[in-house]
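In: The following block contains a protein sequence and its predicted model.
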Amino acid sequence: MFRSAPKPSHSTSSTVFGPGSGVAARALDVRKVYGEGDATVAALDGVSIDFAAGVFTAVMGPSGSGKSTLMHCMAALDTVSAGHVFIGDLELAGLGDKQLTKLRRDKIGFIFQAYNLVPTLTAQENIELPLSIAGRKPDRQWFDTVIDTVGLRDRLGHRPNQLSGGQQQRVACARALVTRPDVVFADEPTGNLDSAAGAEVLAFLRRSVDDHRQTVIMVTHDPVAASYTDRVVFLADGKVVDELRNPTAADVLEEMKVLSARSIAGTATGS
Amino acid sequence: MFKVTWHNLIARKVRLALSAFAIVLGVAFVAGSFIFTDALGGAFDGIVKGTTADVEVLPEGAGQADSFGTDARTIPAPLVEELRQLSEAEKVVGTDQVQGVFVISKEGELIGGNGPPGLAFNYNEMTAITGDPILTVADGELPSTRDQVALDVDTATKAGYDIGDEVTLVTPGDPPTMKAELTGLVRFGSEGGLVGATLTIFDDQVIKDLFFEGKDVYTNISLTAAEGVSQVQLRDAVKEVLPQGLEALTGDDFAADQQEIIGTILGFINTFLLVFAAVALIVGTFLIINTFSILVAQRSRELALLRAMGASKKQVNRAVLTEALVVSLVGSTVGLGMGYLLAIGLRALFGFIGLDLGAADMPVELRTVLLSYAVGVIVTLVAAYLPARRASRIAPVQAMRDDVALPETSLRRRFLVGAVMVAVGVALMVTGFAGSGGRGLLLIGLGMLSILIGVALMAPMLGRPIVQALGVVYRRLFGTVGNLATENTLRNPRRTAATSSALMIGLTLVALMSILGQSAKVSTDKAIEESLTAELIVSNATGQFFSTAYADSIRELDGVDSVTAFRQAGAKLANSQVFLQAVEPESLGSALQLPVDGGSLEAFDDQSVFVSSTRAKSSDLAVGDSVKLTFPAGPTEFDVAGIFPVGGAVAGDFLLTLEGLERSGIKPEDSLLFITKKPGADEAVVRSQIEEVLADNPTVTLKNQQEFADEQKDLINRVLYIIYALLGLAVIIAILGITNTLALSVIERTREVGLLRAIGVSRWQLRRMVGLESIAISVLGALLGVVMGIAFGIAMQRAIADQGIDVLSIPWLQLGIFVVLAALAGVLAALLPARRAAKLNVLEAITTE
Ligand SMILES: Nc1ncnc2c1ncn2[C@@H]1O[C@H](COP(=O)(O)OP(=O)(O)OP(=O)(O)O)[C@@H](O)[C@H]1O
Ligand SMILES: [Mg+2]
């Protein structure tokens, strides 16, 4: 129902909105350099991008283009070499470990490709974990909503090793959403799943955006996965190179072809 | 394959350092025990050799005497002149040696005294078999008048005396204390120091006047052989002219005899220490097994990969064992070094109870080195073999899977094996209690060990409900963090059990000792309360004998009704050492009630003895039998006049009369005085009168029944503290084992830790989680240990009830404190692993393989 949420911008580096005007997360001229001396790699090379609240965004690009790095920097799991990252109004630079921990706990949800769950805890305990470590009681109604959206009610008492990979990822999604974070980051959440299981996870993320106005940013290599989103951002060599709105799988595939051709051409001309 | 092993060793520095740690500690204990006893032996050797001349002339049999109870026999001094006529002798000197002369420091404290002897002799120019003079004057001059003495340098330093100061001495003669001017300092010839003994040097005539009633006698005569004369030749020449009742021994024989006596004592200390080394090693073995199990479990995937690439079972096995070998060699080497440090620590510990080794060498014998390596390597290889065998059973196909589980023997089978071991252990203990002597003790020890290992095997199942119960508390108090900690503790029951079992063993022994100690104390109280009728007691806190002059003076006091003196001595009955007490039969009744099992006190005179019920049983003695006790001066026959039960106020195997003891050639020195006051006399007045008599001597003090009981209990406490200190090392190893396991677990769970941090678990919460886990492990070990300790304590107390510890008393509060201390130790054990977990970089932790 929120599918037609306001689209922030059409430019590739959308900085027209200031923080607080519907932007859930923002990167401003972010650079991330690994290594020293000759061996330096600029994993992010001046990325500026806004992620509007209530929008499902896909981040795509060839392997090594900096997608994971961008996720990590945005999600306060890593520091940037230069530039600024905002979650809502809050700039991450200069925050201490305590504030970062609180931020991750309250404002950010994260879904990894695998190993998302604590093996000693049941599905329910895993889902409630971010709340219970904060000493908060889950909002019953929201918890029920999340559980129903994930469709795992009969599996709540199971431990992760008793769940399938797809079920585990759905539990991870529920866990990421249970705190109603400002933004959920997901790094290839369907990378380890077959298409059916992947579809369940994607449908769930889609619904959380549609029904509950969550903000989700997802890295993926799969055009079909990307087609679930409202917006696709393309990265190459640590830079934002293009983006699509309301993409279909075919659009994405087409764009990927164009980009890869451009990249090959670029390589050929030695630029 | 070797390359893979080598690579592993380098790549896993931290984990290997942790596993080597367990080896280091175990080996250190073994090496430390041996180095320390060798040092002790060396120091005593030095004293013996440094005080023995080429030939020693003594009263017959005196050379084999132990130092317990002073031989009253002497040698007429003119013999020295006679021996000087021998052409084989270059030098002949007479020595008057007196035991029990102690120096009181400037602050009024007794120097030494708690075990090591306080020796006094006349200065002479004897040369020892080492070729050194027995004494050299280090500073000042030798004493020449009645109120002058010289002291050895160490004693003077400890007591804070300088030349010219007035020194206070406690003597076994009359008067019992004296003051003298310090005229000089002497240095003992041997390098090992005096092992805590103190030396007081008197003028030749003065020592005769003070301690030998002015008679011109010596306690022994030392001869130095002339050029080219051997010890044997000199001895034979001396024998020619020696009167009846004296014997001549070559220096080597004399020293060997002395060393044999010392050797038995040292052997006892060594065995004592090695028992603790064994405990430490068993605890260490648990840790090594555990560490290697964890290491192999963590690497099971990699090992499976090797198998998938075509490595044979044998090769995988060998890879793990080679790794263990390298680790054990490194661990043993470091352990040996640590053992050296530990020996220095033991020196300090024993110095505490007066066994002062000074700057004695800490010799690292080849035997110590070989044994350390043997123990370290063998234990490690055995410990690594079990997980290695399991690792080699990993099917190659498992390499493809994410979570490789090692094939584990089921917990139920372990439980059954454990139950069988407990049953065997109980059987061994029962047999041991029925038997006697060293064999009985060995069986009891083995039985305990078997039960402990059995319980350790059962621990994964036994521990579960305990951890779950703890989990309920954790969840209530700490919410989710508590829940995580509980689940972590439960997730690997074998690991948790093995880690806490190490602590269990240490705490079992600590609890056992505390129960036995407490029972001994309560039994002492009961014995004193039930049998002691004397109101006041004079005793020496250090256990040294004191002059009979005190009893004589106290008897003269107005308010005193009776004084009953007790004396002590050692003797031999057949081949066993027995402990004797002596008392005046007339006044015995006023001091205490001696219940008599058989015979009667009427018939108690200098020809008769009373025998304790246990000794009567073990040596098969009955009233009317005759018994031959061998003293330094020779054997003396006694009739058994009666039997007294053990556990009353009279300890020891035999009770003699004072005359009976003197008849046997033992110098009269008292060990205890029991005093009753006249009816109507004011206790406070009597006390102050007696205290005045004892005023100069800080070690001989007056007590009432309560204070006397406290003094006895203090003795028990002191023994307990030494045992606790030694067991403490095993407990420390166990606690470091918890650190070890937690650190390995944290490494193993790096990704999980990263995940927790990523979803908002704070560093502090993470630390708390690891801390709670650690507390759960240590409390589990402590609880199991205390329960086992109580069981063993009850069994042991029942078994030795007829040896004086007839009341069972369990110090519940103390046991509770042990558990709380264990929990605190758990907090300490968690510090480093928790820090490591908290400091992990979140991103690196998540992306770790
Ligand atoms: N810790 C690191 N140290 C050095 N270089 C790194 C590190 N992490 C990432 N890089 C480099 O940064 C670049 C971007 O990596 P990143 O993981 O962001 O790529 P990605 O787009 O997520 O790729 P993929 O699709 O394969 O996951 C790569 O060239 C990578 O080699
Ligand atoms: Mg990536």
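Out: That came through, no problem. Ligands and ions are numbered 1, 2, ... in the order given.

In: Tell me which helix or strand in chain A has the weakest average pLDDT.
Out: Taking mean pLDDT, DSSP states H and E as the measure, chain A has helix A:249-269 as its least confident helix or strand, at a mean of 77.

In: do it and ligand 1 meet?
Out: No. Using CB under 6 Å from any ligand atom, helix A:249-269 stays clear of ligand 1, coming no nearer than 12.8 Å. In short, each C-beta sits where N, CA and C put it, glycine included.

In: same deal with stretch B:747-762?
Out: No. Stretch B:747-762 stays clear of ligand 1 (CB under 6 Å from any ligand atom), getting no nearer than 13.7 Å.

In: How far does that stretch stretch from one end to the other?
Out: Length of stretch B:747-762, first residue to last, CA to CA, to the nearest Å: 18 Å.

In: mean confidence for it?
Out: In this model, stretch B:747-762 has an average pLDDT of 86.

In: Let me know whether that stretch sits next to chain A.
Out: Yes. For stretch B:747-762, a contact with chain A is found by CB under 8 Å from any CB of the partner chain, at B:Arg751, B:Glu752, B:Leu755, B:Leu756, B:Arg757, B:Ala758, B:Ile759, B:Gly760, B:Val761, B:Ser762.

In: what number of residues lie near the last one?
Out: When counting by other CB atoms under 10 Å in any protein chain shown, one arrives at 21 neighbours for B:Ser762.

In: can you tell me the helix or strand for the residue nearest to it when sequence neighbours are not counted?
Out: Nearest residue to B:Ser762, sequence neighbours excluded (CB to CB, 6 or more residues apart in numbering or on different chains): A:Thr101, at 4.5 Å. A:Thr101 belongs to helix A:97-106 when assigned by DSSP states H and E.

In: So which residues of the stretch 1-150 of chain A form strands?
Out: Counting by DSSP state E, counting those that start in this stretch, the stretch 1-150 of chain A has strands at residues A:23-34, A:41-52, A:56-60, A:82-87, A:90-91, A:108-111.

In: Need those strands in CSV (columns: distance to ligand 1 and mean pLDDT).
Out: Converted to CSV, the strands of the stretch 1-150 of chain A look like this (distance: least, CB to the nearest ligand atom, whole Å; pLDDT from 0 to 100):
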stretch, distance to ligand 1, mean pLDDT
strand A:23-34, 3, 92
strand A:41-52, 3, 92
strand A:56-60, 8, 95
strand A:82-87, 15, 92
strand A:90-91, 22, 90
strand A:108-111, 14, 90
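
In: would TSV of the ones you listed with mean neighbour count be doable?
Out: TSV is the format used below for these (neighbours: other CB atoms under 10 Å in any protein chain shown):
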stretch	mean neighbour count
strand A:23-34	20
strand A:41-52	21
strand A:56-60	27
strand A:82-87	18
strand A:90-91	14
strand A:108-111	26
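
In: closest one to B:Glu844 among the ones you listed?
Out: Checking the strands of the stretch 1-150 of chain A against B:Glu844 by CB to CB gives strand A:23-34 as the closest, at 12.6 Å.

In: Looking from chain B, tell me which residue of chain A is nearest.
Out: A:Arg105 (2.5 Å; CB to the nearest CB).

In: so what's that residue up against?
Out: A:Pro130, A:Ile133, A:Ala134, A:Thr179, B:Ile759, B:Gly760, B:Val761 (CB atoms under 8 Å, 6 or more residues apart in numbering or on different chains).

In: redo that, cut-off 10 Å
Out: If a contact means CB atoms under 10 Å, 6 or more residues apart in numbering or on different chains, then A:Arg105 has A:129-131, A:133-134, A:136, A:179, A:181, B:758-762 as its contacts.

In: Which among the residues you listed count as buried?
Out: Neighbour counting over those (16 or more other CB atoms under 10 Å in any protein chain shown) leaves A:Leu129, A:Pro130, A:Leu131, A:Ile133, A:Ala134, A:Thr179, A:Pro181, B:Ala758, B:Ile759, B:Gly760, B:Val761, B:Ser762 as the buried ones.

In: Is the residue lying closest to A:Phe51 once chain neighbours are set aside bridged to anything, and to what?
Out: Nearest non-adjacent residue to A:Phe51, counting by CB to CB, 6+ apart: A:Ala25, 4.5 Å away. A:Ala25 forms beta bridges with A:Phe51, A:Ile87, as assigned by DSSP bridges.

In: name the helices or strands packed onto the least confident helix or strand of chain A?
Out: strand A:56-60, helix A:223-226, strand A:231-236, strand A:239-245 (3 or more CB pairs under 10 Å, 6 or more residues apart in numbering or on different chains; DSSP states H and E).

In: Enumerate the positions of the last one that are buried.
Out: By neighbour count with 16+ other CB under 10 Å, strand A:239-245 contains the buried residues A:Lys239, A:Val240, A:Val241, A:Asp242, A:Glu243, A:Leu244.

In: Same question for stretch B:249-266.
Out: B:249-255, B:257-259, B:261-262, B:266.

In: got it, and stretch B:837-849?
Out: In stretch B:837-849, counting by 16+ other CB under 10 Å, buried: B:Ala837, B:Ala838, B:Leu840, B:Val842, B:Leu843, B:Ala845, B:Ile846, B:Thr847.

In: Can I get it as PDB, trimmed to CA atoms?
Out: The C-alpha coordinates for stretch B:837-849 follow below in PDB (Å, rounded to 0.1, in the frame of the first residue of the first chain):
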ATOM      1  CA  ALA B 837      35.600 -11.000  23.600                       C
ATOM      2  CA  ALA B 838      34.700  -7.400  24.400                       C
ATOM      3  CA  LYS B 839      37.600  -6.100  22.400                       C
ATOM      4  CA  LEU B 840      36.900  -8.100  19.300                       C
ATOM      5  CA  ASN B 841      36.400  -5.900  16.300                       C
ATOM      6  CA  VAL B 842      32.700  -6.300  15.400                       C
ATOM      7  CA  LEU B 843      33.200  -6.400  11.600                       C
ATOM      8  CA  GLU B 844      36.200  -8.700  11.700                       C
ATOM      9  CA  ALA B 845      34.400 -11.000  14.100                       C
ATOM     10  CA  ILE B 846      31.400 -11.300  11.900                       C
ATOM     11  CA  THR B 847      33.400 -11.900   8.800                       C
ATOM     12  CA  THR B 848      35.800 -14.400  10.400                       C
ATOM     13  CA  GLU B 849      35.900 -17.900   8.900                       C
END
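
In: Is chain A within reach of that stretch?
Out: Yes. Counting by CB under 10 Å from any CB of the partner chain, contacts between stretch B:837-849 and chain A involve B:Ala838, B:Lys839, B:Asn841, B:Val842, B:Leu843, B:Glu844, B:Ala845, B:Ile846, B:Thr847, B:Thr848.
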